[in-house]
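Asker: structure for the following, please:
(2 chains)
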Amino acid sequence: MSQVRDRYAPSPTGALHLGGARTALFNYLFARQQQGAFLLRIEDTDRARLKEGSQALIEDGLQWLGITWDEIPLVQSTRKMIYQEAAELLLGSGAAYRCFCTPERLNEMRAEQRARKEPERYDRRCRSLPRQEAERRAAGGERNVIRQAIPLDGVTTLQDLVMGIVSFQNATLDDHVLMKSDGFPTYHLAFAVDDHASRISHVIRGDGWLPSAPKHLLLFKAFNWEPPAFAHLPLVLGADKKPLAKRHGAKDVLEYRDAGYLPEAVVNFIAFLGWSPGTTEDILTMEQLVEKFSIEKIQPSPAMANLERLDWLNGQFIRRLAPADLARRIAERMPGVPVEELLPVVPLVQERLRTLNEASDMLAFFFKDPEGYGSQALVPKGRDAASTREALNQVGTMLERLSGWSAEALESPLRGLADQLGWPARDLFMTLRVAITGRTVTPPLIESMSHLGKQRVLDRVKRAGDSIAPTDV
RNA sequence: GGCCCCGUCGUCUAGUGGACCAGGACGCAGCCCUCUCAAGGCUGAGAUCGCGGGUUCGAAUCCCGCCGGGGCUACCA
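Answerer: Alright, predicted model coming up:
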């Protein structure tokens, strides 16, 4: 079989959301695995819906995920002439015809069809217009569109790689518009012309296109071109069970980046939306996905995006990162903190993170003193302020005299002191934790103290002790 | 309305006639570990495989009907 070539063909009407990203990913995985080519095509033939900057946004999203394309993206709006020539070809062979019906007439026609509970379809009034007459009127400047002349009978059968065999009665198909009166092609024409021109072997796209797939097949036939293989992907649903694509406010993938998700995790997450390797493996890198991907394993039923799973996956991927790599990624999110200073403390939080953004909160105390303490937090349940202050004093004195400052050197003296005070170690540790970090949830205390350094620890212990107001005593 | 697609724990899924009184994962509950929180380990609750009929010695798996959900039905993609 000849080379596999596939593509992702978004229309630039907004950002890249998870559903679109998944379509792109599946195309990418398949092309890579088959050592073929993955292309990007910009479908901007609808001038009314164009959004400025959307193409760049989509490209940024794909690049962030590591989905790269092999050729310069085809932009449809630059190919107007080519579509027009293709339409002429169809006109010549009778596979298409000019239609002069006005929007008003079409509206009336549909209203009547609806009233009679008939299928709403173009009634083919212009289909019987003699060719010469149609061309004369068009040449005279009369507004017209070009419609596909669908065969009046017969069956068109699609061998879909995901959905299986799907058959359509030609009689139920509409003579839809191929060329608009503004000279731009509709999706259908542009799709066939471009996929043929790009020698696309596999069309992997959203299943919203399934109902028009027979028309596309018929178009290829009319051109006498070899049609590509089709794979229609089921919808991705949001938590509200509404299709992601249509859901108001479907999130841009770049928002996941900003929220502290790893592209590796997002890729893994969307790969499993409607696909699985057929084993119990659930953490796969892009390379492994390329290796294991197969269109046959794509589920034909819609998948709901379960964001709790993304959180878990992200944690898993964070844990698998080399500490230096993690430090670098965290540094990007903590302006003013150099990577070198993050390097030693990042291992303390690596297995506690679910997103990159949580790191700055967890690590903040290494870089600045706590804002202040409520004695509430400092004083353990069942203790009073006076004895807490006394405990802090004794810790200070003890630590000051300590010669070593490794975690090992710190631990047993601290436990010993707790014993001496008659406090459970956990209580003393909690008081110290709050004194040193200003929070009750932190990385491991002793190691944190060790990394923080003797002087800063002593300062904070003293400040905490002093903060317990005499009135509390 | 018409055409088309889909239907296994809350969610993602394994499963393609016997090894399935349905396996894994997320989430949830409990226990263990433990200086907090996580991570990790163990245990548990959770699916009469949408429903009803067939076919078969035997069906989540094949057939038919029904129901439910969704998509498309534009000079949008």
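
Asker: which residues of the stretch 51-200 of chain A lie near RNA strand B?
Answerer: A:101-103, A:106, A:110, A:117-122, A:143, A:145, A:163-164, A:166-169, A:172, A:174, A:176-177, A:180-182, A:184-188, A:190 (CB under 7 Å from any atom of the strand). From N, CA and C alone the C-beta is placed, and that goes for glycine too.

Asker: may I see the PyMOL selection of the buried members of those residues?
Answerer: Buried members of these, defined by 16 or more other CB atoms under 10 Å, are picked up in PyMOL with:
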select buried, chain A and resi 101+121+122+145+163+166+168+174+176+177+180+184+185+186+187+188+190
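
Asker: strands - which of the residues of the stretch 51-200 of chain A next to RNA strand B land there?
Answerer: Members of those lying in strands (criterion: DSSP state E): A:145, A:164, A:166, A:167, A:168, A:169, A:177.

Asker: who touches the third one in this structure?
Answerer: With contact set as CB atoms under 8 Å, 6 or more residues apart in numbering, residue A:166 has these partners: A:157, A:158, A:160, A:210, A:213.

Asker: mind jotting down where the helices sit in the stretch 101-250 of chain A?
Answerer: A:103-115, A:131-139, A:187-197, A:213-223 (DSSP state H, counting those that start in this stretch).

Asker: out of those, deepest packed?
Answerer: helix A:187-197 (a mean of 22; mean count of other CB atoms under 10 Å).

Asker: if we can go back for a sec, Throw the helices of the stretch 101-250 of chain A into JSON lines and include distance to residue A:62 and mean pLDDT, thanks.
Answerer: Formatted as JSON lines, those follow (distance: least, CB to CB, whole Å; pLDDT from 0 to 100):
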{"stretch": "helix A:103-115", "distance to residue A:62": "37", "mean pLDDT": "92"}
{"stretch": "helix A:131-139", "distance to residue A:62": "41", "mean pLDDT": "96"}
{"stretch": "helix A:187-197", "distance to residue A:62": "19", "mean pLDDT": "97"}
{"stretch": "helix A:213-223", "distance to residue A:62": "25", "mean pLDDT": "96"}
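
Asker: about what we covered before: and the furthest pair within the ones in strands among the residues of the stretch 51-200 of chain A next to RNA strand B?
Answerer: A:145 and A:164 (34.0 Å; CB to CB).

Asker: hang on, the earlier thing: for PyMOL, what selects the buried ones among the contacts of residue A:166?
Answerer: Per 16+ other CB under 10 Å, the buried members of the contacts of residue A:166 correspond to this PyMOL selection:
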select buried, chain A and resi 158+160+210+213
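
Asker: return the member of the contacts of residue A:166 nearest to residue A:456.
Answerer: Out of those, the member with the shortest distance to residue A:456 (by CB to CB) is residue A:210, at 63.9 Å.

Asker: which residues are in contact with that closest one?
Answerer: Shown in contact with residue A:210 (CB under 8 Å, 6+ apart): A:160, A:163, A:166, A:232.

Asker: closest one of the residues you listed to residue A:449?
Answerer: residue A:232 (58.7 Å).

Asker: OK, contacts around the closest one?
Answerer: Here residue A:232 is in contact with A:160, A:162, A:163, A:205, A:206, A:207, A:209, A:210, A:213 (CB under 8 Å, 6+ apart).

Asker: so in chain A, where's the weakest helix or strand by average pLDDT?
Answerer: One helix or strand of chain A scores below all others by mean pLDDT, DSSP states H and E: helix A:375-378, with a mean of 78.

Asker: name the residues that touch that one?
Answerer: Contacts for helix A:375-378 (CB under 8 Å, 6+ apart): A:385, A:388, A:392, A:431, A:434, A:435, A:440, A:464, A:467, A:468, A:469, A:472.

Asker: which ones among those come in contact with RNA strand B?
Answerer: residue A:440.

Asker: out of the contacts of helix A:375-378, list just those in helices.
Answerer: A:385, A:388, A:392, A:431, A:434, A:435, A:464, A:467 (DSSP state H).

Asker: run a quick neighbour tally on the first one.
Answerer: So the one you mean is residue A:385. Number of residues near residue A:385 (other CB atoms under 10 Å) recorded here: 17.

Asker: quick one: contacts for the nearest residue to residue A:15 once chain neighbours are set aside?
Answerer: Nearest residue to residue A:15, sequence neighbours excluded (CB to CB, 6 or more residues apart in numbering): residue A:252, at 3.6 Å. With contact set as CB under 8 Å, 6+ apart, residue A:252 has these partners: A:15, A:16, A:17, A:57, A:61.

Asker: same check on residue A:233?
Answerer: Taking CB under 8 Å, 6+ apart, one finds A:22, A:23, A:26, A:162, A:204, A:205, A:206, A:207, A:274, A:298 in contact with residue A:233.
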